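**Q** What follows is a predicted protein model with its sequence.
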Amino acid sequence: MKRLEALDADAIPPEAPPAASYDPDHEAALRYEASMPWVDAASVEMHLALVRAYRVLNAVATRQIESLHLGAGLTSARCTVLRILYFAEGSRLAPIEISREMGVGPTNMTGLLDGLERDGLVIRIDSSADRRVCFAELTPAGHDLCSAMLPPMTRFIQKTCASFSLPEKRTLKDLLLRFQQDVAGYYPDGLVVDTSFAEQ
């Protein structure tokens, strides 16, 4: 009987080791290194991971915005303009100030404000002190939309960061800021804008 039990035990295949998680950025970095031996694979892997994280965040944030069913053709760019104006003093800012905060060029900003103005969410107001200067200001409809949009989007932001401790959040923010500065400094003229915010 004992021998049969032993034979049965031998017949049971051992548990397969857990499959290693596939990391496409790591694999891609190794291919870079194999093709160009001088490559710093860790730098390539970090860069690819940052690009992938941006794409995932943008895709998920877009779905979150759509899930609110607020209409107005809301995009990430439009939400950013509205959020900046909502928190500005008097819900009003010069377009150049919005451009600076978003990191976009004047042409993209003009297109964004044109679309928001057509939808009745923003108006342009001439400066009483200088007729050459105008301001973008939230309309009551724009203010109401922000009041409905910002609380759930803020909860979304907090939930996506919930697995990080406070020190980790601060460290990650500092590292990302340093990376932004390094990348922006690649061109000495400092003219770096985010064309992904172009009005569709």
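**A** Great, that's in hand.
**Q** Quickly list the domain ranges of this protein.
**A** Listed domain ranges for the chain are 25-67, 72-161 (source: automatic domain parsing).
**Q** looking at those, which is buried most?
**A** domain 72-161 (a mean of 16; mean count of other Cβ atoms under 10 Å). In this view, the C-beta of every residue, glycine as well, is placed from N, C-alpha and C.
**Q** What is the subsequent helix or strand relative to the longest helix that the chain contains?
**A** Ranked by residue count and defined by DSSP state H, the top helix of the chain is helix 41-67. Of the helices and strands lying after helix 41-67 in sequence (DSSP states H and E), the nearest is helix 76-87.
**Q** So what touches that following helix?
**A** The contact list for helix 76-87 (Cβ atoms under 8 Å, 6 or more residues apart in numbering) reads 58, 61-62, 65, 72, 91-93, 98, 101-102, 104, 108, 112-113, 115-116, 121-122, 136-138, 142-143, 145-146, 149-150, 153, 196-199.
**Q** quick one on the thing from earlier: just tell me which of the domains of the chain ends up closest to T171.
**A** Shortest distance between T171 and the domains of the chain, using Cβ to Cβ, is found for domain 72-161: 12.6 Å.
**Q** Please state the offset of that closest one from the chain centre?
**A** Relative to the mean C-alpha coordinate of its chain, domain 72-161 is positioned 17 Å out (Cα atoms, centre = their mean, to the nearest Å).
**Q** that older thread, strands - which of the contacts of helix 76-87 land there?
**A** Within the contacts of helix 76-87, residues falling in strands by DSSP state E are R92, L93, V122, A136, E137, L138.
**Q** measure the spatially closest residue to V133 that is not a sequence neighbour to A94 for me?
**A** Nearest residue to V133 in three dimensions, chain neighbours excluded: S127, at 4.0 Å (Cβ to Cβ, 6 or more residues apart in numbering). Taking Cβ to Cβ, to the nearest Å as the measure, S127 falls 8 Å from A94.
**Q** Residues in contact with both of the two, list them for me.
**A** V133, C134, F135.
**Q** which one of those residues is nearest L177?
**A** Nearest member of those to L177, counting by Cβ to Cβ, is F135, at 28.9 Å.
**Q** Okay, the closest one and P152: tell me how far apart.
**A** Distance, F135 to P152, by Cβ to Cβ: 28 Å.
**Q** Likewise for L145?
**A** 12 Å.
**Q** now swap in L116 and tell me
**A** L116 is 20 Å from P152, by Cβ to Cβ.
**Q** Next: S99.
**A** Plainly put, S99 is 27 Å away from P152 if you go by Cβ to Cβ.
**Q** what does R131 give?
**A** 40 Å.
**Q** Which pLDDT does the model give the residue nearest to V133?
**A** pLDDT recorded at S127 is 74.
**Q** Same question for V51.
**A** 93.
**Q** now do E89
**A** The model's pLDDT for E89 equals 91.
**Q** surely C146 meets L138?
**A** Yes - counting by Cβ atoms under 8 Å, C146 touches L138, with 7.0 Å between them.
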